[in-house]
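Novice: Fold the following and give me the result.
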Amino acid sequence: MSDFRFLLTFFLVTFLTSCNTNKTEPVGSNSMSINAINNTDTLSKHIKPFNASLPTIGLLMYNGVLQSEVIATSDVFAKPTEDGKQLFNVVTIAESESPITTEEGMHFLPDYTFNNCPKLTALFVPSAYDMYTQVHNQKIIAFIRDKNKETHYTVSNCAGAQLIGESGIANGHKIVTWIGGGTQLQKDYPNLKVQNDSLVTFIKDGKFLSSNGNLASYISALELLEIMTSPKHRKFVESYLYLDRLQDWKNNNYLSISIRCCTFVIQGTCKAYLQQLMRDKKNIFAIVGSASSNSANQKLVEKIADLSSKNFNLTIYNSLKSLPHFDPDLSIGNVPKEIVEFRQNIESADGIIICTPEYVFSMPSGLKNALEWCIATTIFSNKPCELITASASGEKGHEMLQLIMKTVMANYTDKTSLLIQGIKGKFDREGKLIDTEVKNKLENFIDAFTKLINENDTKSLI
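Specialist: Now for the predicted structure:
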């Protein structure tokens, strides 16, 4: 509900007040020469040089684009750190060098074209009121497909989801579009998992993020900013943009009444949606901590997958040894592709299972390495987790696992934390679980985990 309140507040401020947002400058190889600018112009001191060592955020543009969806992203990612350090390159891209005319009538000069666009870390795909021309422009579709091969994130706002659907890059992933456009989007692109746009403002599924667009584009930008930097920097940017002032302004009586009324209506609608959520299978990402390819922990997770097949779609990850050694200098910027994918699997899952042995009174180095890559992120924050240590003894290793998961603010309880001692004697030679007591514990464990996930879904909506 916090995103909804922020959006409603921001909409009312925008409606009641006006601000000159004409801050775009024609920069880069396609721009006018700085020498041709009048000597009294201050443009040169605002130009941010392209730094190839920084992540690059690309903003796709075309004629008729909604300028708020371009400005929102640049507003968020162009802000420096508290000490003035530039964190990103933010560039605009169009099919040609010609100026782009927005829906609102402003003219933006792109930094790059499809032919000379630099390597992108994230691509933002905006919308227009009439998407027919863009959806049938094969150059735009080909550009989105091509850039998706290199980006860590692809973001669509509003009807930009149609371009994502046409490109086919997000088939099988969740996506949301403008309010009222979801039904048609699902018909046009049945391989997308289109979310209920009357209830969902923003969604992230793996590398793909999407929002209802317009001012909700600030939400998708801020969410990705936090993923790529930290909650602290996001809070700083929100303060930089005076969003804290908007939060204070909501104390206005008329606005408070509007927020309370809309909250009441949406909460009523959410009850049916929550019931549907609880009926749906949950996507679970299960991490096997053992380095052995045929370990007892692998067999245990496979048994959990079998016992929970009615509740969970369970993906087993047993490739910790393929992850690079932790490097704090690469934890935020220039993150290795393997780590980006690993983090995305965690973030897009409804819940996480970690099943690990104990090595030398501790956890395996491969598992500790993987968790270290996640410390600088918020992907585990409030994420429902099952923690299993299955080993000869396991007490010390289990204590360490619990301590680390508490540090990353994972959501687990005593009922979703399990120590199984003497694990090798629980299976026969064919890998079949023969210990009835352990089987009963796993069944209770799965029930507790399902309940924890459903409770988390409820809290996220109300």
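
Novice: Find the nearest non-adjacent residue to Ile423, please.
Specialist: Closest residue to Ile423 apart from its sequence neighbours, by Cβ to Cβ, 6 or more residues apart in numbering: Ala390 at 4.0 Å. In short, each C-beta sits where N, CA and C put it, glycine included.

Novice: So that neighbour: helix, strand or coil?
Specialist: strand (DSSP: H, G, I helix; E, B strand; the rest coil).

Novice: Report the separation between it and Leu419.
Specialist: Look at Ala390 and Leu419: by Cβ to Cβ, to the nearest Å, they are 8 Å apart.

Novice: how much space is there between Ser64 and Ser319?
Specialist: Just so we're on the same page, residue 64 is Gly rather than Ser. On the measure of Cβ to Cβ, Gly64 and Ser319 end up 45 Å apart.

Novice: Tell me which of the two has more neighbours.
Specialist: Gly64 (17 against 13; other Cβ atoms under 10 Å).

Novice: The nearest residue to Thr315 once chain neighbours are set aside pairs with what?
Specialist: Leaving out its chain neighbours, the residue that sits closest to Thr315 by Cβ to Cβ, 6+ apart is Phe285, at 5.4 Å. Listed by DSSP bridges, the beta-bridge partners for Phe285 are Thr315, Ile352.

Novice: Hmm, Asn89 and Tyr112 touching each other?
Specialist: No: if you go by Cβ atoms under 8 Å, Tyr112 and Asn89 don't touch, sitting 10.7 Å apart.

Novice: where do the contact lists of these two overlap?
Specialist: Pro118 (Cβ atoms under 8 Å, 6 or more residues apart in numbering).

Novice: what are the ranges of the strands in the stretch 1-150 of the chain?
Specialist: Secondary structure of the stretch 1-150 of the chain by DSSP state E, counting those that start in this stretch: the strands cover 56-60, 89-94, 100-101, 107-108, 112-113, 122-125.

Novice: ok, and what's touching the first one?
Specialist: By Cβ under 8 Å, 6+ apart, the residues outside strand 56-60 that reach it are 50, 70, 73-74, 77, 88-94, 117-126, 140, 143-144, 147, 160.

Novice: Each with direction, which strands does it pair with?
Specialist: strand 89-94 (parallel), strand 122-125 (parallel).

Novice: Now do that strand, average pLDDT.
Specialist: On average, the pLDDT along strand 56-60 is 96.

Novice: Extract the C-alpha set from that strand and format it as CSV.
Specialist: This file holds the C-alpha atoms of strand 56-60, laid out as CSV (Å, rounded to 0.1, in the frame of the first residue of the first chain):
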residue,chain,number,x,y,z
THR,A,56,24.7,2.5,-18.2
ILE,A,57,21.0,3.1,-18.1
GLY,A,58,19.4,3.4,-21.5
LEU,A,59,16.1,5.3,-22.1
LEU,A,60,14.4,4.3,-25.3
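
Novice: Give me the buried positions along that strand.
Specialist: 56-60 (16 or more other Cβ atoms under 10 Å).

Novice: Reformat the residues you listed as a markdown table; add distance to Lys441.
Specialist: What follows is those, written out as a markdown table (distance: Cβ to Cβ, whole Å):
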| residue | distance to Lys441 |
| --- | --- |
| Thr56 | 49 |
| Ile57 | 47 |
| Gly58 | 50 |
| Leu59 | 52 |
| Leu60 | 51 |
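
Novice: Report the residue spans of the stretch 251-400 of the chain with pLDDT below the cut-off.
Specialist: Across the stretch 251-400 of the chain, the ranges flagged by pLDDT under 70 are 251-280.

Novice: starting at the chain centroid, how far to stretch 354-370?
Specialist: The chain centroid and the centroid of stretch 354-370 are separated by 27 Å, computed with Cα atoms, centre = their mean, to the nearest Å.

Novice: Pull out the buried residues from that stretch.
Specialist: For stretch 354-370, the neighbour count (16+ other Cβ under 10 Å) marks 354-359, 363-364, 366-368, 370 as buried.

Novice: which of those are the two that sit furthest away from each other?
Specialist: Within the buried residues of stretch 354-370, two members stand farthest from each other by Cβ to Cβ: Glu358 and Ala370, at 16.4 Å.

Novice: and Lys147, how many neighbours?
Specialist: 22.

Novice: so it touches Leu123, yeah?
Specialist: Yes: applying Cβ under 8 Å, one finds Lys147 in contact with Leu123, separated by 5.1 Å.

Novice: hey, what's in contact with both of these two?
Specialist: Jointly contacting Lys147 and Leu123 under the rule Cβ under 8 Å, 6+ apart are 58, 154.

Novice: show me where the stretch 151-300 of the chain has strands.
Specialist: 153-157, 174-175, 193-194, 202-205, 208-211, 282-288.

Novice: For Glu395, state which of the buried residues of strand 56-60 is nearest.
Specialist: Of the buried residues of strand 56-60, the one sitting nearest to Glu395 (Cβ to Cβ) turns out to be Ile57, at 46.7 Å.

Novice: Beta-bridge partners for the closest one, please?
Specialist: Beta bridges link Ile57 to Val90, Ala122, judged by DSSP bridges.

Novice: Which residue, other than its chain neighbours, is closest to Ile219?
Specialist: Phe202 (4.8 Å).

Novice: OK, contacts around the one you found?
Specialist: Contact analysis of Phe202 by Cβ under 8 Å, 6+ apart lists 3, 176, 209-212, 216, 219-220, 223.

Novice: Turn those into JSON lines, including neighbour count and pLDDT.
Specialist: Formatted as JSON lines, these follow (neighbours: other Cβ atoms under 10 Å; pLDDT from 0 to 100):
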{"residue": "Asp3", "neighbour count": "16", "pLDDT": "49"}
{"residue": "Val176", "neighbour count": "30", "pLDDT": "95"}
{"residue": "Leu209", "neighbour count": "25", "pLDDT": "95"}
{"residue": "Ser210", "neighbour count": "32", "pLDDT": "95"}
{"residue": "Ser211", "neighbour count": "33", "pLDDT": "94"}
{"residue": "Asn212", "neighbour count": "26", "pLDDT": "93"}
{"residue": "Ala216", "neighbour count": "27", "pLDDT": "88"}
{"residue": "Ile219", "neighbour count": "23", "pLDDT": "91"}
{"residue": "Ser220", "neighbour count": "28", "pLDDT": "93"}
{"residue": "Glu223", "neighbour count": "19", "pLDDT": "93"}
